[in-house]
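K.L.:
next one to model:
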Amino acid sequence: MTTAVEPAPDTTTYAWTLCKLAGKDLSHVLVDLQPIATCLESPPCGSDDDDDDDDDDDDDDDDSDSDSDQSDEDSDTDDDSETPSCDPATPAERIAAAYVGCSIQGQRSGESCGLHVDSPDPTTQLSGLKVTATIGDGECRTFSLTLSSSAATDGFELGPGPVLVAAKHGPQDARKANKPFPSLACAQGPVCRPIQVRPVALGESVGVDEDQPTLVNVLANEPTNQGPLSVRLVTPPAHAPTEVGPATGGLLIPGSHFLLPSGEAGIFTELNFNATDSLWYVVVNQAGLESDPVELRILVRPVNDAPTGGPIELLGHEDEPLSLAAPGLAAMVFDVDGDPLELRPIAIPTGDFYLGVDGELYHLPPPDEYGDFVCDFGAWDGTTETRIACVIHTLPTEDLPRPQDDVYALNEDEVLCVPASQGLGANDVEVDGQTLTYGLDVPPTKADVDLALDGSFCIYPRPDLNGLDGFEVWVSDEISVVRSNVTLSIAPINDQPIAFDRDYTVVAGDILFANALEGAFDPDGDPLHLEMVDFPPAGEFAFQSNGDFTFRADNSLANTTQCFVYLAIDTGSAAARVCIHVLPRGNSAPAFTSLPVTSVVQGGLYEYASHAADADLQDLVTYSIDLAPVGAAIDALTGQITWTVARHQVGPGVQFVIRATDSAGQYTQQS
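P.N.:
Numbers count the residues shown, from 1 in each chain. Take a look at the predicted model:
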């Protein structure tokens with residue numbers, strides 16, 4: 001089944017095409033019109049517009065059943081009495097008042113169409129347009145219904161919508177036995193619907209300062225008789241195209257907008273924009289109808305924009321000037337309004353600094369300083385001043401170490417050790433903060449130096465040397481090497497005289513002439529004199545301060561030693577000892593006076609007390625063995641010989657040779 005709706009002035013025609021594919025021919029079609037009765041106007045009181053022309057049923061059923069509508073006589077007996085009735089119209093009366101007519105395309109003899117609204121069809125329980133027409137196998141028939149377009153009550157209209165259509169073979173009641181149930185279909189037909197009135201929107205206009213957001217409800221000024229309304233965005237603002245709501249909560253940023261269905265709108269145009277922009281929208285009512293697009297006009301008023309720029313970073317070098325000719329820093333600042341700018345310093349860095357109103361810049365950092373120098377300045381556009389952050393990054397350059405010459409004082413013959421904290425680096429300058437190391441380049445002549453890398457050192461003066469001396473060192477910062485001088489002031493100190501113990505010999509009765517200071521000296525070259533501490537215990541002794549002395553001993557002092565102690569003096573003193581050995585005049589060798597023991601028992605102890613006499617009574621005689629059997633021994637002072645004879649030492653031939661020696665070294669042997 002196909003349907004079509006053709007509106008015409010004051011009427012609307014609905015057409016249906018019904019096709020049969022197989023089975024018995026269709027002869028009765030019913031289009032349900034009951035639902036539209038609720039929105040149709042009641043006919044004027046006393047009118048009778050019932051056009052129900054139910055046809056007689058053409059029941060061809062061979063069964064002799066009593067079909068409920070077998071007589072198919074129109075049960076609608078129009079009451080055209082003269083008495084008007086003003087009771088409320090029935091649904092059938094309302095439908096009849098709206099009915100204009102119906103038609104069957106290619107209508108054949110005996111075919112008809114008309115309203116059937118007084119009672120529902122017993123099979124389908126539908127009432128409405130009834131069509132009696134034959135539709136054979138493979139055949140399609142078209143029929144139509146025309147209704148008045150003005151029959152609907154206020155606020156409603158008739159229009160196309162879903163309706164039920166029933167088709168059956170004959171007028172029989174399918175509720176009876178052996179009767180086929182009619183076919184039902186949903187087709188487009190007349191339905192009631194509320195008249196939809198499009199809402200009216202008035203639009204809105206707001207003003208806002210440049211770089212500021214604005215919030216407005218576009219529904220605030222709309223007519224209040226249109227029921228609940230919502231809005232829909234049509235075209236976003238050209239200078240706020242980014243949509244930020246509602247998922248973002250309507251957080252506005254420059255160049256963004258939002259429009260909520262509730263009418264809440266927010267616009268934040270691009271920074272520095274000052275002109276007119278528009279947001280276009282439509283108003284939507286509860287029926288979903290939309291108004292014509294209207295404009296939310298945004299007038300952005302210009303305001304002065306402060307200069308902008310920075311942070312500015314400049315590059316300089318240690319101990320070198322940084323210079324920028326005009327416009328210099330001014331070229332690094334922007335004023336969106338195009339206003340001319342004047343600059344003034346706010347943060348003045350150390351060193352030599354100049355900033356002109358035209359942006360000219362000059363900076364020379366303090367000697368040996370590097371790092372960041374802040375040079376913030378103000379940029380004035382005639383209305384507003386902006387502080388612009390500025391910094392000069394001054395890079396370090398390699399500085400040579402700056403050692404200072406050093407002077408150290410020490411005493412002659414004294415070692416001087418200086419720790420690193422007071423050493424060569426204590427007064428040296430390394431502006432780059434690098435660690436300095438030291439090494440010996442040219443050594444001193446009067447001392448030896450032990451120099452460590454950290455500048456600590458020890459000075460070892462050479463003995464008895466004093467006066468000015470010095471040495472040269474190299475100083476390194478791991479990149480460069482320079483040299484520095486160290487001066488040594490070695491203060492002289494008095495050196496003690498040096499005197500030596502001496503031994504002299506003299507023959508008894510002779511006089512010894514000598515000088516006790518012989519060989520003694522003073523390292524400083526000072527003259528020496530002699531002072532006695534102890535005199536010789538015997539003999540004749542005389543001395544002078546220059547060290548000369550004489551000594552004489554008689555024969556009674558032969559073989560004795562006479563000693564004295566003296567001091568060799570300058571400012572200090574040194575003690576020394578002088579010993580004089582008195583020799584006897586004409587020395588005699590000692591002579592054995594004992595007779596040797598010449599036999600001993602095997603395994604026994606051999607003993608012999610040897611003795612020698614010396615004519616020089618003062619001479620000391622000592623004894624020793626020159627030849628003896630194994631195991632023999634002699635006492636060197638007494639001459640006693642002992643020997644234990646071994647068992648194998650039997651028979652003659654065992655020989656002893658002993659020696660007696662005096663103080664002069666003369667000796668005598670005994671066998």
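K.L.:
now do the helices in this protein.
P.N.:
With helices called from DSSP state H, the chain shows them at 91-98.
K.L.:
let me know the outermost residue of it.
P.N.:
Outermost residue of the chain with respect to the C-alpha centroid, by CA atoms, centre = their mean, is L595; its distance is 114.4 Å.
K.L.:
quick check: end-to-end length of stretch 332-340?
P.N.:
One end of stretch 332-340 to the other measures 13 Å (CA to CA, to the nearest Å).
K.L.:
and stretch 89-107, end to end?
P.N.:
33 Å.
K.L.:
again with stretch 145-165
P.N.:
Chord length of stretch 145-165, first to last residue, is 13 Å (CA to CA).
K.L.:
so where is the chain shaky, pLDDT-wise?
P.N.:
Applying pLDDT under 70 to the chain flags residues 1-8, 21-25, 46-86, 170-181, 246-250, 587, 615-618, 647-653.
K.L.:
got the domain boundaries for it?
P.N.:
By the assignment in automatic domain parsing, the chain contains the domains 2-78+86-194, 204-301, 308-395, 406-491, 502-583, 591-670.
K.L.:
just to revisit the earlier point, how close does the residue farthest from the centre of the chain get to I658?
P.N.:
From L595 across to I658, the span is 13 Å (CB to CB, to the nearest Å). All C-beta atoms are positioned from the backbone trio N, CA, C, and that covers glycine.
K.L.:
same thing with P349?
P.N.:
Distance from P349 to I658, by CB to CB: 110 Å.
K.L.:
those two - which one has more neighbours?
P.N.:
Neighbour count, other CB atoms under 10 Å: between P349 and I658, I658 has more, with 23 against 20.
K.L.:
please name the nearest non-neighbouring residue to T384.
P.N.:
Counting by CB to CB, 6 or more residues apart in numbering, A306 is the residue found nearest to T384 once chain neighbours are left out, at 4.1 Å.
K.L.:
the one you found: how many residues sit nearby?
P.N.:
Taking other CB under 10 Å as the criterion, the count of residues near A306 is 17.
K.L.:
how many residues are close by the nearest residue to Q34 once chain neighbours are set aside?
P.N.:
Using CB to CB, 6+ apart and skipping residues adjacent in sequence, the residue nearest Q34 is S127, 5.6 Å away. By the measure other CB under 10 Å, the count of residues near S127 is 23.
K.L.:
repeat that for the one 4 residues further on.
P.N.:
A count of nearby residues for V131, using other CB under 10 Å, gives 28.
K.L.:
check the one 5 residues further on too.
P.N.:
Burial measure for G136: 11 neighbouring residues, criterion other CB under 10 Å.
K.L.:
for it, give me phi and psi.
P.N.:
Main-chain torsions, G136, degrees, to the nearest 10: phi -90, psi 180.
K.L.:
I'd like to know how far E369 sits from H317.
P.N.:
According to CB to CB, E369 and H317 sit 11 Å apart.
K.L.:
identify the bridge partners of G161.
P.N.:
Under DSSP bridges, the beta-bridge partners of G161 are G189.
K.L.:
that one touches V191, doesn't it?
P.N.:
Yes - here G161 reaches V191: they are 3.0 Å apart, a contact under CB atoms under 8 Å.
K.L.:
grab the nearest non-local neighbour of I511.
P.N.:
Distances taken as CB to CB, 6+ apart place R552 nearest to I511, at 4.5 Å, with adjacent residues excluded.
K.L.:
what does T435 show for phi and psi?
P.N.:
Main-chain dihedrals, T435, degrees, to the nearest 10: phi -80, psi 130.
K.L.:
can you pull the buried residues of stretch 621-629?
P.N.:
621-623, 628 (16 or more other CB atoms under 10 Å).
K.L.:
distance to Q107 added to those, as CSV?
P.N.:
Formatted as CSV, these follow (distance: CB to CB, whole Å):
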residue, distance to Q107
V621, 193
T622, 187
Y623, 189
A628, 186
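K.L.:
and of these, the nearest to P254?
P.N.:
Nearest to P254 among the buried residues of stretch 621-629, counting by CB to CB, is T622 at 127.4 Å.
K.L.:
count residues in the vicinity of G455, would you?
P.N.:
Other residues close to G455 by other CB under 10 Å number 23.
K.L.:
list the buried residues in stretch 33-42.
P.N.:
Per 16+ other CB under 10 Å, stretch 33-42 contains these buried residues: 33-37, 39-41.
K.L.:
ok, so of the residues you listed, who is nearest A98?
P.N.:
Distances from A98 to the buried residues of stretch 33-42, taken by CB to CB, are shortest for L40, at 5.2 Å.
K.L.:
ok, and the closest non-adjacent residue to the closest one?
P.N.:
Using CB to CB, 6+ apart, the closest residue to L40 is R94 (3.8 Å).
K.L.:
the one you found contacts Q34, doesn't it?
P.N.:
No - counting by CB under 8 Å, R94 does not reach Q34; the two are 10.4 Å apart.
K.L.:
enumerate every residue touching C192.
P.N.:
Neighbour list for C192: 35-36, 38-40, 152, 156-158 [criterion: CB atoms under 8 Å, 6 or more residues apart in numbering].
K.L.:
neighbours of the closest residue to A15 other than its chain neighbours, how many?
P.N.:
Distances taken as CB to CB, 6+ apart put S144 closest to A15, at 4.1 Å, once the chain neighbours are dropped. If you count neighbours by other CB under 10 Å, S144 ends up with 21.
K.L.:
how about the strands in the stretch 101-250 of the chain?
P.N.:
Shown for the stretch 101-250 of the chain, the strands assigned by DSSP state E, counting those that start in this stretch span residues 112-116, 128-135, 140-148, 156-168, 183-194, 204-209, 214-217, 230-235, 242-243.
K.L.:
thanks a lot, catch you later.
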